[in-house]
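S.K.: any chance you can model this:
(2 chains)
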Amino acid sequence: MKSRRMGVFALLVILIVCGALLKDGSAKFPVLNGLVFNIMRPFKFVTNSVAGGVNSTTNFFSSKSDLQEENAALKKENETLRKDNTDLISAKAENARLTQLLNFKNAHPGLKLLAAKVVSRDLGDFKDTILIDKGSEDGLKLNMSVITGSGLVGIVDGVYGHLAKVMLISSPKTRIGGMNLRGDSRVAGIVNGIAGSDLSLEMRNMARNADLLPGDTIVTSGYSGYHPSGLIIGNIEEVQMNPGGLTKVATIAPAVNFSHLEEVMVVTNYEGFAKTLEEEEKKQAAGETAKGGKTK
Amino acid sequence: MKVLIWPILTLLLYTLQTSWFLFFNTNQAPDFLLVLVLLVALETGTAGGAFAGFVVGLLQDVVTFTFFGYHLVTRLVIGIVVGMLRGNIFKDSLPTFLVLVALTSALLKGSSVAFLMLYQKEIFNLWPILYSTLKYIGWNILIAVPMWIATKVVVEVLRRREHRYYEF
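M.R.: Numbering: from 1, shown residues only, chains lettered A, B, ... in the order given. Okay, here's the model as predicted:
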């Protein structure tokens, strides 16, 4: 009897539960649901933790290789970008230098200019010569002027096949005719290097009352017969009397930065009177020799 | 082949000195050839030092030609003097070599300034020259270290090879 009652009760419970489940799911038994969830909670926590751990470990290993690949790709990209950036900076600097040279060329249409690259410098203790990559095969001759967009660099001092030696204006052995560009001065003198470490120049042989002021621009006078006039040499830094007190001496900061020389231009078509004088001298010497021969 | 090594090395170092430093914004480059003369003089003595100094000086004079003979005489004197001093200094000690490099560089720079003063018959402002001299010494000391190490390695390799030769 007792077991029959129990059976009926169990059937009733089952029917109620099934009916409830069929009708509306778990919402109808919040207490039961809460109880079940609370019982399951620690298990779920552990399961979730373990699963999460496994998952994250798997993710870690799978993402590590992904990250490594990504890192390698990024490094490569960074290198490429860095190289591009360096190239860009270099190209920008080159562009600025070449623009300057082009501007100079445009400003002096009468001069035929040949571009050359500096291949060597600091050849000796005096640091007064450089080598350029153009030589006699390219039409270079001795005493031609070498310039940059900023001004006069030096003169061609030695010519070889595809190489030329340039003596810088900062050399103590260089002598160039210079002139003050200022309209109301136009004082002329001889410019030479001081050979000091700061590569400054000096202008000598000027009268004691010569009108020279610090900041004045000195250009080539053209009086030497080798260089065209009007090439910028530099700006006057200081003016003083020479030790004897008879003439003035001006210290000049060169317009060209000699530690930045990379490209230069050689004036190939200038023929000053120096050449004519040399030819005249040769003719005279030949004439005298012939005369001497006849006398004998 | 062995004979060609020295001219090739000298030209290589000269090219390095005069061309590689074009890429840097500096008007001062290390004097590889001076350090080479010092190393040769220390390793081989007066005759070797004199020969190395002569060749190096001649090369620099031929290339520059501004004051022909200046480089030749100075390098020759350095080669001879250092070769003579070889027995009186700790030639196998790097600090000693660095002191020697600094001293020689300073003397060389001083001699070039004195020479130019005599040539131009005027006294220069020595402050900027002092600054450039310090830079010159610094560069030379900097390159002296790897060159000294390289020389020691080469000398050691050659010595071992000679020993092996005599053993057989």
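S.K.: and the longest helix seen in chain B, is it in reach of chain A?
M.R.: In chain B, with assignment by DSSP state H, the single longest helix is helix B:126-167. Yes - using C-beta under 8 Å from any C-beta of the partner chain, helix B:126-167 reaches chain A at B:Pro128, B:Ile129, B:Tyr131, B:Ser132, B:Thr133. In short, each C-beta sits where N, CA and C put it, glycine included.
S.K.: between these, which sits nearest A:Val159?
M.R.: B:Ser132 (30.3 Å; C-beta to C-beta).
S.K.: is it true that that closest one touches B:Ser105?
M.R.: No - with contacts counted by C-beta atoms under 8 Å, B:Ser132 stays clear of B:Ser105, the gap being 11.1 Å.
S.K.: more neighbours, these two?
M.R.: B:Ser105 (24 against 19; other C-beta atoms under 10 Å in any protein chain shown).
S.K.: tell me which element that one falls in.
M.R.: Assessed by DSSP states H and E, B:Ser105 sits inside helix B:94-120.
S.K.: could you give the angle of that helix to helix B:126-167?
M.R.: 130 degrees (axes from the mean of the first three to the mean of the last three C-alpha atoms, to 10 degrees).
S.K.: contacting residues for the closest residue to A:Leu102 other than its chain neighbours?
M.R.: In space, and not counting its chain neighbours, A:Leu102 is closest to A:Gly149: 8.0 Å by C-beta to C-beta, 6 or more residues apart in numbering or on different chains. By C-beta atoms under 8 Å, 6 or more residues apart in numbering or on different chains, the residues touching A:Gly149 are A:Arg97, A:Thr99, A:Gln100, A:Leu101, A:Leu102, A:Asn103, A:Phe104.
S.K.: what's residue 115 in contact with, if anything?
M.R.: If you meant another chain, say so; for now it's chain A. A:Leu101, A:Glu263, A:Val264, A:Met265.
S.K.: not what I meant, chain B
M.R.: B:Phe115 touches B:Phe67, B:Tyr70, counting by C-beta under 8 Å, 6+ apart.
S.K.: what packs against the helix or strand hosting A:Ile155?
M.R.: Per DSSP H and E: A:Ile155 is located in strand A:152-159. On a contact count with 3 or more C-beta pairs under 8 Å, 6 or more residues apart in numbering or on different chains; DSSP states H and E, strand A:152-159 meets strand A:129-132, strand A:145-147, strand A:164-168.
S.K.: most tightly packed of these?
M.R.: Of all the helices and strands packed on strand A:152-159, strand A:145-147 has the most neighbours on average by mean count of other C-beta atoms under 10 Å in any protein chain shown, namely a mean of 27.
S.K.: that one pairs with which strands, parallel or anti?
M.R.: Each strand paired with strand A:145-147, and its direction, by DSSP bridges: strand A:152-159 (antiparallel), strand A:263-267 (antiparallel).
S.K.: mind giving me a markdown table with the ones you listed and columns for mean neighbour count?
M.R.: Shown next, in a markdown table, are those (neighbours: other C-beta atoms under 10 Å in any protein chain shown):
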| stretch | mean neighbour count |
| --- | --- |
| strand A:152-159 | 23 |
| strand A:263-267 | 21 |
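S.K.: let's have the ones you listed in a markdown table, adding mean pLDDT.
M.R.: Formatted as a markdown table, the strands paired with strand A:145-147 follow (pLDDT from 0 to 100):
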| stretch | mean pLDDT |
| --- | --- |
| strand A:152-159 | 90 |
| strand A:263-267 | 91 |
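S.K.: distance to A:Leu246 added to those strands, as TSV?
M.R.: Formatted as TSV, these follow (distance: least, C-beta to C-beta, whole Å):
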stretch	distance to A:Leu246
strand A:152-159	28
strand A:263-267	35
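S.K.: so where is chain B shaky, pLDDT-wise?
M.R.: Within chain B, the segments meeting pLDDT under 70 span B:1-3, B:21-27, B:165-168.
S.K.: try it again with 80
M.R.: Scanning chain B for pLDDT under 80 picks out the ranges B:1-7, B:18-28, B:64-66, B:91, B:120-125, B:128, B:162-168.
S.K.: quick check: chain neighbours aside, which residue is closest to B:Leu108?
M.R.: The shortest distance from B:Leu108 to any non-neighbouring residue, by C-beta to C-beta, 6+ apart, is to B:Thr74 (6.1 Å).
S.K.: neighbours around B:Val99, how many?
M.R.: 13.
S.K.: swap in the one 4 residues further on?
M.R.: Number of residues near B:Leu103 (other C-beta under 10 Å) recorded here: 11.
S.K.: just B:Phe32 next, same as before
M.R.: 24.
S.K.: and it, what is it in contact with?
M.R.: Per C-beta under 8 Å, 6+ apart, neighbours of B:Phe32: B:Leu13, B:Tyr14, B:Leu16, B:Gln17, B:Ile143, B:Met147.
S.K.: per-residue confidence at A:Gly52?
M.R.: Looking at A:Gly52, its pLDDT stands at 67.
S.K.: and what of A:Leu22?
M.R.: 56.
S.K.: backbone dihedrals for A:Pro254, please?
M.R.: phi -60, psi 140 (degrees, to the nearest 10).
S.K.: nearest residue to it other than its sequence neighbours?
M.R.: A:Gly234 is the one closest to A:Pro254 (C-beta to C-beta, 6+ apart), at 4.3 Å.
S.K.: which parts of chain A are strands?
M.R.: Secondary structure of chain A (DSSP state E): strands at A:113-120, A:129-132, A:145-147, A:152-159, A:164-168, A:176-180, A:188-193, A:201-207, A:217-220, A:232-241, A:247-254, A:263-267.
S.K.: would a markdown table of the ones you listed with distance to A:Gly139 be doable?
M.R.: What follows is these, written out as a markdown table (distance: least, C-beta to C-beta, whole Å):
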| stretch | distance to A:Gly139 |
| --- | --- |
| strand A:113-120 | 7 |
| strand A:129-132 | 13 |
| strand A:145-147 | 14 |
| strand A:152-159 | 10 |
| strand A:164-168 | 11 |
| strand A:176-180 | 22 |
| strand A:188-193 | 27 |
| strand A:201-207 | 28 |
| strand A:217-220 | 21 |
| strand A:232-241 | 24 |
| strand A:247-254 | 27 |
| strand A:263-267 | 9 |
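S.K.: give me every residue that touches A:Ile233.
M.R.: A:Ile233 touches A:151-152, A:169, A:176, A:178, A:191, A:201, A:218-220, A:252, A:254-255, counting by C-beta under 8 Å, 6+ apart.
S.K.: thinking again about what came up before, for chain B, see how far away the residue nearest to A:Leu102 is.
M.R.: Using C-beta to the nearest C-beta, to the nearest Å, we find A:Gly149 at a distance of 18 Å from chain B.
S.K.: quick one, phi psi at that residue?
M.R.: With angles defined as degrees, to the nearest 10, A:Gly149 sits at phi -60, psi -20.
S.K.: give me the pLDDT for it.
M.R.: Value listed for A:Gly149 in the pLDDT field: 84.
S.K.: quick revisit: need the max-distance pair from the contacts of A:Ala115.
M.R.: Applying C-beta to C-beta across the contacts of A:Ala115, the maximum distance is between A:Leu101 and A:Val264, 8.5 Å.
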